[in-house]
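>>> Next come a sequence and a model predicted from it.
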There are 4 protein chains.
Amino acid sequence: MSFVLELPVRFAHVDAAGIVFYPRYFEMINAAVEEWFAARTGVSFGDLHLARRHGLPTVALESRFVAPSRLGDVLEIEVVLSKIGRTSCDVTYRISSEGDDRVIASAVLVHINLDTGQAMPWPDDLRDRLVRNDPIRLPMAA
Amino acid sequence: MSFVLELPVRFAHVDAAGIVFYPRYFEMINAAVEEWFAARTGVSFGDLHLARRHGLPTVALESRFVAPSRLGDVLEIEVVLSKIGRTSCDVTYRISSEGDDRVIASAVLVHINLDTGQAMPWPDDLRDRLVRNDPIRLPMAA
Amino acid sequence: MSFVLELPVRFAHVDAAGIVFYPRYFEMINAAVEEWFAARTGVSFGDLHLARRHGLPTVALESRFVAPSRLGDVLEIEVVLSKIGRTSCDVTYRISSEGDDRVIASAVLVHINLDTGQAMPWPDDLRDRLVRNDPIRLPMAA
Amino acid sequence: MSFVLELPVRFAHVDAAGIVFYPRYFEMINAAVEEWFAARTGVSFGDLHLARRHGLPTVALESRFVAPSRLGDVLEIEVVLSKIGRTSCDVTYRISSEGDDRVIASAVLVHINLDTGQAMPWPDDLRDRLVRNDPIRLPMAA
């Protein structure tokens, strides 16, 4: 079952044109990643960073802004794990409102040691829970 | 019954010291004001601004930052109407986490015409609903 | 001559890991686009939006976060026009500090009518000045 | 001589009403405090936090939003030390544009140990340089 965080478009998100200023979409996406990670693994972002001293920075990002969002729209931010490697994972994001796509994006997240900044292999418990709870969706075979 | 919006402290809110960067509290407070206003009056901030072309800017603000908030804390943001005038209102804010105060603030909001920027009297429907649904709390008599 | 905006990494930009939170890079990039556009065309973003009622939203974005940036780093944000079409343009961004790359990105910006949200051809004056003042850099022939 | 940081109002600062969203003023004020502190003491905010492990959080804040600021306005943010105690100081802020007041504010900043969160006396070097370089302005005698 896919993971979705629902967020309203607020005053803080829109610009002088009355539509969401695109860096705010990435704040929303980051909020969704925090919730998705905690829901999938049982480890909150607070614990990951402060207790475990691990991080999950975004190292690559692609996005298309398909249609504008306005003050008061309720956005659904979907996070899907699309691939998992030894120290990183690929995720796709879809922001929509009432079925209408707004942003389609994908990112590579790397699991790092916060003290050294170096990539580190996923701990088995986290990796297992990510894969088990967010079954990777393979593209349909031809 | 008091109005409370619950928000988690997210990565986007904290600074290098690991605690909420104070301008983010005001973004949270603004989110709470949007929800409070819509809940009390039935008019969303989107409709207020885009359809009615009215606004509700903050013209004065006082706040005390009582204790720091950390990544993962769940904050309760309470909004209480403390006074209502012809064109403005006074509100008080209390941000707390599990009963522990974090920020105590108060503000003056003015009802304006967005096109002229001038203060304008509350429409009766809005004023009535604000007062009826958020009974002004008077300080206890001695 | 390439266009560069210099910005210090501030408290507002960094997260609990002490490094720039990636949505803040896009706020910096947007600041650089505003300055670049005004420098190249002589039209400020304020005039573009408020007087002309035109906009320049980002419709696609790709970025790689090559290395982290820390509080106090001084960042150079370079904006280069790489292609210009009838209603849009491609730009590349490079954020670096003392020659050390931090973010490499590219985007497609579309010239729109703010009132209809529709793409519209570049006015000749803007297009001419963009091309003349930011000579498009072609990849070197083999 | 008073300390002033000049900042343009950018897209990222304004809201759907086309004017600066007030939490953004506090981000600007915080930027000015960083620059003021470094200019007065010779210690950057990066060094203060990361090397010395000290912080300077705002514990109380009062502000009046006197007039709106628009996209493209150039703001002057003045920071003045008005009082210094054993572990804290009072500062006043004035944001204006071409002599026209926009925000008048004052704050109490406390010098803390980042690891314990406790207030700590100013080191003599910092206190001396703050006082010497930002002579405290006393209200005129009657």
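Yes, it's here.
>>> which other residues reach the helix or strand of chain A with the lowest mean pLDDT?
Using mean pLDDT, DSSP states H and E, the weakest-scoring helix or strand in chain A turns out to be helix A:45-46, at a mean of 88. Outside helix A:45-46, the residues that touch it by Cβ atoms under 8 Å, 6 or more residues apart in numbering or on different chains are A:E34, A:F37, A:A38, A:L56, B:V9, B:R10, B:F11, B:R70, B:L71, B:G72, B:D73. C-beta coordinates here come from the backbone N, C-alpha and C atoms, glycine included.
>>> Which ones among the residues you listed map onto helices?
A:E34, A:F37, A:A38 (DSSP state H).
>>> What distance do you get for the residue nearest in space to the middle of chain A to chain D?
Centroid check for chain A by Cα atoms, centre = their mean gives A:V33 as the closest residue, at 3.4 Å. As judged by Cβ to the nearest Cβ, to the nearest Å, A:V33 and chain D stand 22 Å apart.
>>> what does A:T87 give?
26 Å.
>>> got a list of what that residue touches?
A:V110, A:H111, A:A119, A:M120, A:P121, A:W122.
>>> can I assume A:F26 is in contact with C:F26?
Yes - look at A:F26 against C:F26 with Cβ atoms under 8 Å: they come within range, at 6.3 Å.
>>> Could you report the neighbour count for A:D125?
As a burial measure, A:D125 scores 11 neighbours (other Cβ atoms under 10 Å in any protein chain shown).
>>> Spatially nearest residue to A:N113 (excluding sequence neighbours)?
A:M120 (5.0 Å; Cβ to Cβ, 6 or more residues apart in numbering or on different chains).
>>> A:I112 too?
A:I112 sits nearest to A:G55 (Cβ to Cβ, 6+ apart), 4.9 Å away.
>>> show me what contacts the one you found?
So, once contact is read as Cβ under 8 Å, 6+ apart, A:G55 ends up touching A:L48, A:H49, A:H111, A:I112, A:N113, A:L114, C:A17.
>>> how about 7 Å then?
Going by Cβ atoms under 7 Å, 6 or more residues apart in numbering or on different chains, A:G55 touches A:H49, A:I112, A:L114, C:A17.
>>> now swap in A:E6 and tell me
So A:E6 contacts A:V74, A:E76 (Cβ under 7 Å, 6+ apart).
>>> Repeat the analysis, applying 6 Å as the threshold.
A:E76 (Cβ atoms under 6 Å, 6 or more residues apart in numbering or on different chains).
>>> Mind listing what's buried along the helix or strand harbouring it?
Using DSSP states H and E, A:E6 sits in strand A:3-8. Residues of strand A:3-8 classed as buried: A:F3, A:V4, A:L5, A:L7, A:P8 (neighbour count, 16 or more other Cβ atoms under 10 Å in any protein chain shown).
>>> Let me know the closest of those residues to chain D.
Chain D has its nearest neighbour among the buried residues of strand A:3-8 in A:P8, at 13.8 Å by Cβ to the nearest Cβ.
>>> Distance of the residue lying closest to that closest one once chain neighbours are set aside relative to A:S97?
Closest residue in space to A:P8, ignoring its immediate chain neighbours: A:V74 at 5.3 Å, by Cβ to Cβ, 6+ apart. From A:V74 over to A:S97 the distance is 6 Å, taken as Cβ to Cβ, to the nearest Å.
>>> What of A:V66?
For A:V66 relative to A:S97 (Cβ to Cβ), the value is 11 Å.
>>> May I have the residues that are in contact with the residue lying closest to the residue nearest to the centre of chain A once chain neighbours are set aside?
Distance criterion Cβ to Cβ, 6+ apart; nearest residue to A:V33, sequence neighbours excluded, is A:V79 at 6.1 Å. By Cβ under 6 Å, 6+ apart, the contact set of A:V79 is A:F3, A:A32, A:W36, A:V91, A:Y93.
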